[in-house]
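Have a look; sequence and predicted model below, questions after that.
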Amino acid sequence: MTRITPPVVTVSTGSRTVDVDTGELVFPGIVLAFCLYYYWDTRALPDLSMLYAGPLLYATAALAVVTVLVQAVSIDERADGPEPESERSSDGPPSELASEEATSETPPDEPFFTARNAVLLVGLTAAYVATLEPIGFLVATIGFLAVVLYLFGERNPGVIALYSVGVAIAVWLVFVQWLMVPL
């Protein structure tokens, strides 16, 4: 596997620094391109044919833009004073809190997306698709999301539960209640 890392574009203006991770722009850029193509291809259709596709198209484009803003762009604001405590190297022995934080975090050189995790993700996705009809969308989706979150490093049960249940219910509400598409 190649170790190609896309560049990070940094723009500084006064006390603000804007970093744009170009690698994080690829997927949302593709999604926006498909949204534009879909819009361009269907703009001449009668209004009734866009009844279901219109809201979905706009929601998809909005989510792609939000993804770009959240994932790819970071804005740092620094005053001209001393460095914040978290960036300053300590000269004394490490505190008990700092040593707990160091042991609870995963080392930065250990990637979550390994070949093992990729194979497990494919297997989990196959199991998810197979269980959708017998046990239903909500239960299958909540279970799938919980296991995938755990697989990729989330260990807080509250975060896993809130995220899994919240995303599953949000997707269900959008498709079943808003777009009237059965899942």
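Noted; the coordinates are in hand.

contacts and neighbour counts: CA atoms only from here.
Fine.

Helix or strand next in line after the helix-or-strand element of the chain with minimal mean pLDDT, which one?
In the chain, no helix or strand scores lower on mean pLDDT, DSSP states H and E than helix 96-104, which sits at a mean of 47. Next helix or strand after helix 96-104 toward the C-terminus (DSSP states H and E): helix 115-135.

buried set for that following helix?
Neighbour-count burial for helix 115-135, with 16 or more other Cα atoms under 10 Å as criterion, is recorded at 121, 124, 128, 131.

could you give the mean pLDDT of that helix?
Across helix 115-135, pLDDT averages out at 91.

Repeat that for stretch 72-80.
On average, stretch 72-80 scores 66.

which residue sits closest to Glu154, ignoring its sequence neighbours?
Ile160 (7.0 Å; Cα to Cα, 6 or more residues apart in numbering).

Just checking the distance from the helix or strand encompassing that neighbour to the centre of its chain.
Here Ile160, judged by DSSP H and E, is contained in helix 157-172. Offset of helix 157-172 from its chain centre (Cα atoms, centre = their mean, to the nearest Å): 14 Å.

how about low-confidence regions in this protein?
1-3, 47-54, 77-113 (pLDDT under 70).

and with 50 instead?
81-92, 95-104, 106 (pLDDT under 50).

before we move on, back to that, contact partners for the residue nearest to Glu154?
146, 149-150, 154 (Cα atoms under 8 Å, 6 or more residues apart in numbering).

For these, pick the one with the most neighbours.
Ala146 (20 neighbours; other Cα atoms under 10 Å).

Check which helix or strand that one maps to.
Going by DSSP H and E, Ala146 is in helix 137-151.

Tell me which residues are up against that helix.
117, 121, 124-125, 128, 131-132, 160-161, 164-165, 168-169, 172, 183.

The same query, at a cut-off of 6 Å, please.
The contact list for helix 137-151 (Cα atoms under 6 Å, 6 or more residues apart in numbering) reads 132, 160, 164-165, 168.

what's the answer for stretch 67-77, then?
15-21, 24.

sorry, back to before: possible to save the buried residues of helix 115-135 as a markdown table with distance to Leu56?
Conversion of the buried residues of helix 115-135 to a markdown table gives the following (distance: Cα to Cα, whole Å):
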| residue | distance to Leu56 |
| --- | --- |
| Leu121 | 27 |
| Leu124 | 27 |
| Tyr128 | 23 |
| Thr131 | 26 |
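
and the two most separated of the residues you listed?
The most widely separated members of these are Leu121 and Thr131, with 15.1 Å between them, by Cα to Cα.
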